[in-house]
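**Student:** Take a look and give me a structure for this.
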Amino acid sequence: MLTLADIGVDAAGALLSAYGLALERVPDGQDIPGSYWGEVEAGLIGCTVYARADTPVHSLLHEACHLIVMPPERRAAVHTDATDSVPEEDAACYLQILLADALPGVGRDRLMADMDAWGYSFRLGSARDWFERDAEDARAFLSTRGLVPAA
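**Tutor:** Residues are numbered from 1 along each chain as shown. Here you go, the predicted structure:
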């Protein structure tokens, strides 16, 4: 699984910054603030995504995408659990796949493989099958927020 150490903090930080978010690197061995899953998984507090060098890229992107898809007025109150609804969760999954293409050395193919390896579960079995054949609702949600073009 690709980690923040594999891609470097600069590219990830620049990507998040483009969406009004901050990336804060947590020192190795310390607990990640705002981590829903604990261990190496990224955390959220307000508009900041927290990650260590061993945080998987898919986790970093997923948590950032939760913040990106939610209305800005909700961001400031977020602490650890950002999911408001199934449509927001699906939109976060879809957007993280798209944003993977903006990170050098990542790309959607690698990210979807890491999502499957981590254990994301989709009706059709894999992240790729869901993304390509069953994610119209997620894309529509993102379109209403101006995050992807209308289909």
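
**Student:** Next one, pLDDT for the residue lying closest to L16 once chain neighbours are set aside please.
**Tutor:** Closest residue to L16 in three dimensions, ignoring its sequence neighbours and counting by C-beta to C-beta, 6 or more residues apart in numbering: L23, at 4.8 Å. The C-beta positions use only the backbone N, C-alpha and C, and glycine is treated the same way. Note for L23: predicted pLDDT of 98.

**Student:** For L23, list each beta-bridge partner.
**Tutor:** V49 (DSSP bridges).

**Student:** what's near enough to touch it?
**Tutor:** Residues near L23 by C-beta atoms under 8 Å, 6 or more residues apart in numbering: 9, 12-13, 16-17, 48-49, 51, 60, 64.

**Student:** mind running it again at 7 Å?
**Tutor:** 9, 12-13, 16, 49, 51 (C-beta atoms under 7 Å, 6 or more residues apart in numbering).

**Student:** wait, which of those residues is closest to G34?
**Tutor:** The nearest member of these to G34, counting by C-beta to C-beta, is V49 at 8.4 Å.

**Student:** I figured that closest one was touching Y19, is that so?
**Tutor:** No - at 10.1 Å, V49 and Y19 do not qualify as touching, with contact defined as C-beta atoms under 7 Å.

**Student:** What strand or helix carries A14?
**Tutor:** Taking DSSP states H and E as the criterion, A14 maps to helix 9-17.

**Student:** Just give me the residue right at the centre of the protein.
**Tutor:** Taking C-alpha atoms, centre = their mean, the centroid of the chain lies closest to H62, which sits 1.6 Å from it.

**Student:** My read is that A12 contacts T3, right?
**Tutor:** No - A12 lies out of contact with T3 (C-beta under 7 Å); the separation is 10.6 Å.

**Student:** Please identify which of the two sits among more neighbours.
**Tutor:** Legend: neighbour count by other C-beta atoms under 10 Å for A12 and T3, higher for A12 (24 against 18).

**Student:** nearest spatial neighbour of the more buried one, skipping sequence neighbours?
**Tutor:** Spatial nearest neighbour of A12, chain neighbours left out: L23 (5.7 Å); criterion: C-beta to C-beta, 6+ apart.

**Student:** which parts of the lowest-mean-pLDDT helix or strand in the chain are buried?
**Tutor:** Lowest mean confidence among the helices and strands of the chain (mean pLDDT, DSSP states H and E): helix 72-75, at a mean of 88. For helix 72-75, burial by neighbour count (16 or more other C-beta atoms under 10 Å) applies to R75.
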